[in-house]
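> 3D, please:
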Amino acid sequence: MSDADALRTCCECCEGVTSETPVELANRPGLSAIAYRAGTHARFKASMLAGLSASPALSELTTRRDDDLTVALVDGWATVLDVLTFYQERIANESYLKTAVERRSLLELARAIGYELGPGVAATTYLAFTADDSPGSPPEAIVPLGTRAQSIPGQDELPQSFETAEEIRARARWNALEPRRTETQFLHAPIRRLVFAGTGLSLAIGDRLLAVQGDEYEVFRVTEVTELIPAPASNDDPRTEVRVEPVDPNALALFPAYLGIPAALAPNPPGPLPFDDDPVATYVTNAVSWTATELAARLDRLGWTEAQLAAHLDARQRPSISTPLRIFAMRVQASFFGHNAPRWGSLPEDWRDEDKNEYAPYPEPWAEDQGADVIRDSQGDFHDVDPPHTTFFLDQAQKKILPGSRIVLEEAGTRLARAYTVLEVSETSRADYGLSGKATQVRVDTEQGLYRFEFRTAVAWGGSEELTLAEVTREDDVLGSSVLLETFALGLFPGRSVAVSGERADLPGVLTTEVRELAEVVHSMHEGATRLDFTEGLDHRYRRATVRISANLARATHGESRSEVLGSGDASAAFQRFALKHKPLTYVPAATASGGESSLEVRVNGVRWHESPDLYRLGPEDRSYVLRRDDDGTTRVLFGDGVHGARLPTGSENVTAAYRSGLGLGGHLAAGRISLLATRPLGVREVVNPVPATGAGDPESRDDARRNAPRTVLTLDRIVSLDDFEDFARTFSGVGKARADWLWDGRRRVVHLTITGADALPLTADAPLLGTLREAVDGLRDPFQPLVLSPAEALVFRLEAQIKVHPDHLQEVVFAAVRAELEERFGFAARDLARSVAASQVISAMQRVLGVVAVDLDVLAFDPAASGTPQAGRLPALPARLGPALVTGGERPIRGAQLLTLAKQGVSLEVMP
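Predicted coordinates for the structure are as follows:
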């Protein structure tokens, strides 16, 4: 034993000969917690004991035993210092945004730079109401603002309430409007196709068809005939499809006849008139079309109701001012009398020479080089003595050519064809051109063009028989920015939202719904239907037979209305505060920097007071209040002190509040989940949300506040760079992820901003969140910089792997841990936009789990496989880019960046042999 050890053992006076406090501190950047303690209990005690040894006055104090009074006193103060430094360290951690753990600390730190923790925001959707169409129901139902509907809860869920944010009028005929299913047949290049009702029409290739529409006509040659026989189980009628080509390719295409006058030129009514067919035609239906606004003004001027006009138009059964297309099959082909006559020079000389025979029948030759027209005889005399010269003779007796029928004259070699109406027909015997025989005398309605047909080369097509055109079902898809309806839909006006639902043409069996706002409503009188024009084109193509359009649509937000008395005002009290009884207070989406605004309305003595972000900027007369939110979600209303904000006037229960409660991700519901009417307006039978409820956000968490608070300093309420677009969007309530890219849209460079919601529920292109964010961004950016907003394109992947489990671990426990690790690493919260997934990342994640010895990744693929193109050992997630055009040669839409996450039930694990 050394001398020092012996001395320490006998008197312990040398213990603590050096000071151990304060501890030297060094914190590297990026830590989630900092070290800030000057010492611990042991270090403080050791330092004070060292001080005892260093003090000459205490040299006689040689003991260091804990039961000594002095040492006990030192131990007690070391305990005090340990506690003080512990809390000092906690306070220091709460002083920094990245290390603070208390919500109040984050709140106050954020307020120092003008940032308030987001209270969350309510989900938004659209509710489609079904108006009652049973007998005795009102023709129109009023769905008032605040009409409440609830969701059907699933397992371990609570029903969620949604209330309409607008008042609408609902009608039964607007429950499910249909697009025009059939089309009026017309001939247009390059496709010339006609469909007739029935089969056995006795049409053959080379036959002639005459198309007549009003005063216009065109002659066609049949090139193909196909009889369409429906299947035995089908309800379709047999039809005949005929393809044709014009006899004269250079002839003008058949165009519609008179359609009506423009609405601007329609006669202005002198004032109210009795409702009758004649004034309706004069002042309304003779116009080509009316916009909804123009028609409403016209009806108001005439003193008529919309219901009167609707009943009149319905009775007309798709009226049309345009003359319908009529098709005639020309059943008879005939030549003109004399077409087979001998040459004039071959006739006997005494028939030709007047010198030899004063009674020569054919002294004048009929020209062989240019021929003679059909309205003259062989000697050049008109068949009609007096004009008009409209008579000609056909060879042989043509019993199928009747008065009133149509006849077509066609000149061989020139493709000249003219159509006429037969006025008179008679069978006669004729001698001319050195021939004699039966002939048919025909007189037509006009002599125009008859001189151009030669008796030898011209051919007549007669015996016209009108064919019945079939009602052709439109087979084209519904797409673009307008839809022609099957009927009139009076009462719809621009600004109203409609839901377009149907089966996608590119994904058979997949039903999709899009919400669009009406830019214009046009009532087409000549089409006999209403055309809806949208502010934006549809994102997809839809099979026409499946499309339904709901116009009884109202925007709705998550939350339930409340009304309560907050308390009594006291003019002698400063900074009075009251707590709302129901929580959380609903914040609805708004085009503000935070993305939401309170639904609270406070009244004092019946007078409304207004919310302010803070009190310090208020004057003594300002009737305002501020809201403060507790950690448990309770909202408190704080009033002023008479200097910063007015004090409450004294009164009994004179402070009232009307607000809504409910928000957050619990309001994210799939389409069709909201179907219970909590308040049932008169005349409304059902309700459903045709699109998902999206755009919600939970109250801002601590981690969110750490990320978002500094971004407000980066943007400073202006958006200039790409990073500014991202930073602003990420702090917007309801937005989970954002990415900004420069793109070339084919004409110019644009800023493209891709966003997701706050959870994995995909946003649709018509989600209200996109419109609200766009409005907020537009107020802070350069208006001349083109901007496109799109929702992220959601992709999911699946994997199959074999895992070798350590023999000391349970297989089911290890497999569950592997799935949990994969879901955490590749779930929505952990993924970024346009971030690919590599096989090495997946294997690394599985290898991290305790008990995993080896991993064999067999399959890493998109789900479904057609949703993306895998690369070797990697599944790419693409940034924003141009997508394919919906129609050939059309504009290519911009598609948002892709978000690639692990599919639900997308992990298949097996034991490695």
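
> got a list of what T130 touches?
N175, N552, V684, R685, E686, V687, V688 (CB atoms under 8 Å, 6 or more residues apart in numbering). All C-beta atoms are positioned from the backbone trio N, CA, C, and that covers glycine.

> just the buried members of these?
N175, N552, V684, R685, V687, V688 (16 or more other CB atoms under 10 Å).

> tell me the bridge partners for the third one.
Spelled out, it's V684. A131 (DSSP bridges).

> in helices, which of the contacts of T130 fall?
Among the contacts of T130, no member is found in helices (DSSP state H).

> strands along the stretch 101-250 of the chain, start to end?
Ranges of strands in the stretch 101-250 of the chain, per DSSP state E, counting those that start in this stretch, are 124-131, 141-143, 148-151, 161-164, 168-170, 182-183, 193-197, 208-213, 216-228, 239-246.

> between those strands, which gets nearest to P710?
strand 124-131 (28.3 Å; CB to CB).

> now N708: closest residue in space that isn't a chain neighbour?
Closest residue to N708 apart from its sequence neighbours, by CB to CB, 6 or more residues apart in numbering: T731 at 4.5 Å.

> re earlier: nearest to R628 among the buried ones among the contacts of T130?
Taking the buried ones among the contacts of T130 together and measuring to R628 by CB to CB, the closest member is V687, at 36.2 Å.

> residue contacts, the closest one?
L127, A128, F129, T130, A149, I674, S675, L676, L677.

> quick check: chain neighbours aside, which residue is closest to the fourth one?
If the residues on either side of it in the chain are set aside, T130 comes closest to E686, at 4.0 Å by CB to CB, 6+ apart.

> quick revisit: and the strands of the stretch 101-250 of the chain: which comes nearest L753?
Among these, strand 124-131 sits nearest to L753 (CB to CB), with 18.9 Å.

> buried ones in the closest one?
Buried, per 16+ other CB under 10 Å, within strand 124-131: T124, T125, Y126, L127, A128, F129, T130, A131.

> reformat the residues you listed as CSV; add distance to V244 and pLDDT.
As requested, those are exported to CSV (distance: CB to CB, whole Å; pLDDT from 0 to 100):
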residue, distance to V244, pLDDT
T124, 54, 96
T125, 51, 96
Y126, 47, 97
L127, 51, 97
A128, 45, 97
F129, 49, 97
T130, 46, 96
A131, 47, 96
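
> farthest-apart pair in those residues, please.
T124 and A131 (23.0 Å).

> hmm, D133 and the residue nearest to T130 touching each other?
No: with contact defined as CB atoms under 8 Å, E686 does not count as touching D133 (11.4 Å).

> mutual contacts of these two, please.
Joint contacts of E686 and D133 (CB under 8 Å, 6+ apart) do not exist.

> show me what the longest helix along the chain is packed against.
Among all segments of the chain classified by DSSP H, the helix with the greatest residue count is helix 69-93. With contacts taken as 3 or more CB pairs under 8 Å, 6 or more residues apart in numbering; DSSP states H and E, helix 69-93 sits against helix 41-54.

> show me what the biggest strand by length in the chain is packed up against.
For the chain, the strand reaching the highest residue count under DSSP state E is reported as strand 416-432. Judged by 3+ CB pairs under 8 Å, 6+ apart, the packing partners of strand 416-432 are strand 216-228, strand 406-411, strand 435-444.

> report the buried residues of that strand.
So for strand 416-432, counting by 16+ other CB under 10 Å, buried means L416, A417, R418, A419, Y420, V422, V425, R430, D432.

> swap in stretch 21-32?
Residues of stretch 21-32 classed as buried by neighbour count (16+ other CB under 10 Å): T21.

> can you tell me the distance between the two ends of it?
25 Å (CA to CA, to the nearest Å).

> quick one: contacts of that stretch?
So stretch 21-32 is contacted by I34, A35, Y36, R37, A38, G39, R43, F44, S47, K98, T99 (CB under 8 Å, 6+ apart).

> out of these, who has the most neighbours?
Comparing the contacts of stretch 21-32 by number of neighbours (other CB atoms under 10 Å), F44 comes first, having 26 neighbours.

> that one contacts L81, correct?
Yes: using CB under 8 Å, F44 is in contact with L81, at 4.5 Å.

> quick one: low-confidence parts of this protein?
1-18, 186-191, 250-265, 316-323, 345-346, 350-363, 366-371, 865-868, 888-889 (pLDDT under 70).

> domain assignment for it?
Following automatic domain parsing, one finds the domains of the chain at 3-93, 182-246, 269-316, 334-463, 560-661, 717-791, 793-911.

> give the contact list for A204.
Per CB under 8 Å, 6+ apart, neighbours of A204: V222, V225.

> cool, P230 as well?
So P230 contacts D236, D237, P238 (CB under 8 Å, 6+ apart).

> reformat those as JSON lines; add distance to R221 and neighbour count.
JSON lines is the format used below for the contacts of P230 (distance: CB to CB, whole Å; neighbours: other CB atoms under 10 Å):
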{"residue": "D236", "distance to R221": "28", "neighbour count": "11"}
{"residue": "D237", "distance to R221": "27", "neighbour count": "12"}
{"residue": "P238", "distance to R221": "24", "neighbour count": "13"}
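
> which one of those residues is nearest L722?
Lowest distance from L722 to those (CB to CB) belongs to D236, with 56.2 Å.

> quick check, P690 in contact with F129.
No: the criterion here is CB under 8 Å, and P690 misses it with F129 at 10.8 Å.

> identify the contacts common to those two.
What both P690 and F129 touch, as defined by CB under 8 Å, 6+ apart, is the set L553.

> all helices for the chain, in order.
Using DSSP H, helices in the chain cover 3-10, 41-54, 69-93, 103-111, 277-280, 292-302, 306-316, 349-352, 702-715, 722-730, 768-778, 811-826, 839-847.

> so the nearest residue to D858 once chain neighbours are set aside bridges to which residues?
Leaving aside its chain neighbours, D858 sits nearest to E800 (4.7 Å; criterion: CB to CB, 6+ apart). Beta-bridge partners recorded for E800 (DSSP bridges): V859, S908.

> how much distance is there from stretch 220-233 to the middle of the chain?
When C-alpha coordinates are averaged (CA atoms, centre = their mean, to the nearest Å), stretch 220-233 and its chain have centres 39 Å apart.

> may I see the buried residues of that stretch?
Quick answer for stretch 220-233 (16+ other CB under 10 Å): F220, R221, V222, V225.

> and if you look at stretch 738-749?
Within stretch 738-749, the residues that count as buried by 16+ other CB under 10 Å are A738, R739, A740, D741, L743.

> list the contacts for the last one?
When you say that, I think you mean L743. Shown in contact with L743 (CB under 8 Å, 6+ apart): R749, V750, V751, H752, V788, A880, R881, L882, I894.

> does the nearest residue to the fifth one once chain neighbours are set aside have beta-bridge partners, and which?
What sits nearest to V788 in space, not counting adjacent residues and going by CB to CB, 6+ apart, is H752, at 4.9 Å. Here H752 sits in beta bridges with D741, V788, as judged by DSSP bridges.

> same check on A334?
Assigned bridge partners for A334, using DSSP bridges, are A460.

> just R504 next, same as before
Bridge pairing for R504 - DSSP bridges - gives Y542.

> neighbours around it, how many?
Neighbours of R504 (other CB under 10 Å): 17.

> measure it to D863 for me?
19 Å (CB to CB, to the nearest Å).

> P279 contacts L299, doesn't it?
No: judged on CB under 8 Å, P279 makes no contact with L299 at a distance of 11.6 Å.

> between the two, who's got more neighbours?
Neighbours per residue (other CB under 10 Å) separate P279 from L299, with L299 holding more: 19 against 15.

> residues touching that one, list them.
T305, E306, L309.

> and if you look at L409?
By CB under 8 Å, 6+ apart, the neighbours of L409 are V374, A417, R418, Y420, G449, L450, F453, A458, V459, A460, W461.
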